[in-house]
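Student: The amino acid sequence is not available; the structure is as follows:
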């Protein structure tokens, strides 16, 4: 009986040691996973959880480099940009494209933090074509469509409104004119060249 008791005790100690080691290994794996997360990853995880449970969908507040804060519901994630529904307190809601480099910080409800670090089902999401599309590509599409845009930059919270004339390697030309009027030469007050690296937000 004493031998049985001894072996049972040793087995119990071994199980406990293995369990503790497994717990520590899992904790370390999780620390490493969290350490590799990017801001884009967090936003994708949050967006995916909203798709999984629409009843829990809550917009997020994004603070831009200029200090301006906007409330958005992310919809599409590009390589270095996010397309989102822009939720305004006054006036009608709209759509926008946010440059990831233009995001200074994000404010989340405390209940949403865990959702933003949850391990996503990458297999279910799968590789998306938008994962390879860069911010300039989106701007070129808006340029081709002759869409009136309002652009916020890191330089100022004052927006630049007009039509994109061209998108070059590191900057865009925006013909400044009043909203609601087509881009006609006589209505263009100025053409402003804006560095791509300075653009935080493009409202449509």
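Tutor: Now that the structure is in, tell me what you want to look at. None of the values given here were measured: they were computed from a predicted structure.
Student: This protein: strands as residue ranges?
Tutor: 60-64, 69-77, 81-87, 94-99, 103-107, 148-153, 156-167, 171-176, 190-195, 199-203 (DSSP state E).
Student: Between the ones you listed, which one is closest to residue 48.
Tutor: strand 69-77 (9.8 Å; Cβ to Cβ). From N, CA and C alone the C-beta is placed, and that goes for glycine too.
Student: What pairs with the closest one, parallel or antiparallel?
Tutor: Sheet pairing of strand 69-77 (DSSP bridges) gives strand 60-64 (antiparallel), strand 81-87 (antiparallel).
Student: That strand - what's its average pLDDT?
Tutor: Strand 69-77 comes out with an average pLDDT of 92.
Student: circling back: as a markdown table, the strands paired with strand 69-77 with mean pLDDT would be great.
Tutor: Below are these laid out as a markdown table (pLDDT from 0 to 100):
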| stretch | mean pLDDT |
| --- | --- |
| strand 60-64 | 93 |
| strand 81-87 | 94 |
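Student: Nearest to residue 27, out of the strands of the chain?
Tutor: Nearest to residue 27 among the strands of the chain is strand 103-107 (25.8 Å), distances taken as Cβ to Cβ.
Student: And the contacts of that closest one?
Tutor: Residues outside strand 103-107 that contact it (Cβ atoms under 8 Å, 6 or more residues apart in numbering): 39, 42, 43, 60, 61, 62, 63, 64, 65, 67, 69, 200.
Student: Tell me which residues of that strand come out buried.
Tutor: Neighbour-count burial for strand 103-107, with 16 or more other Cβ atoms under 10 Å as criterion, is recorded at 103, 106.
Student: next one: stretch 103-120
Tutor: Buried positions in stretch 103-120, judged by neighbour count with 16+ other Cβ under 10 Å: 103, 106, 112, 115, 116, 120.
Student: Tell me which helix or strand in this protein has the weakest average pLDDT.
Tutor: Within the chain, no helix or strand scores below helix 122-125, which has a mean of 50 by mean pLDDT, DSSP states H and E.
Student: which of the buried residues of stretch 103-120 has the weakest pLDDT?
Tutor: residue 120 (61).
Student: quick one: low-confidence parts of the protein?
Tutor: For the chain, the stretches flagged by pLDDT under 70 are 1-18, 49-57, 91, 120-127, 157.
Student: list the contacts for the closest residue to residue 196 other than its chain neighbours?
Tutor: Once flanking residues are discounted, residue 196 sits nearest to residue 170: 5.4 Å by Cβ to Cβ, 6 or more residues apart in numbering. Residues in contact with residue 170 (Cβ under 8 Å, 6+ apart) are 195, 196, 197.
Student: Return the most buried member of the strands of the chain.
Tutor: With neighbours taken as mean count of other Cβ atoms under 10 Å, these reach their highest mean count in strand 199-203, at a mean of 24.
Student: Contacts for that one next, please.
Tutor: Residues contacting strand 199-203 (Cβ under 8 Å, 6+ apart): 64-66, 68, 70, 86, 94-99, 102-103, 135, 139, 142, 149-154, 159, 172.
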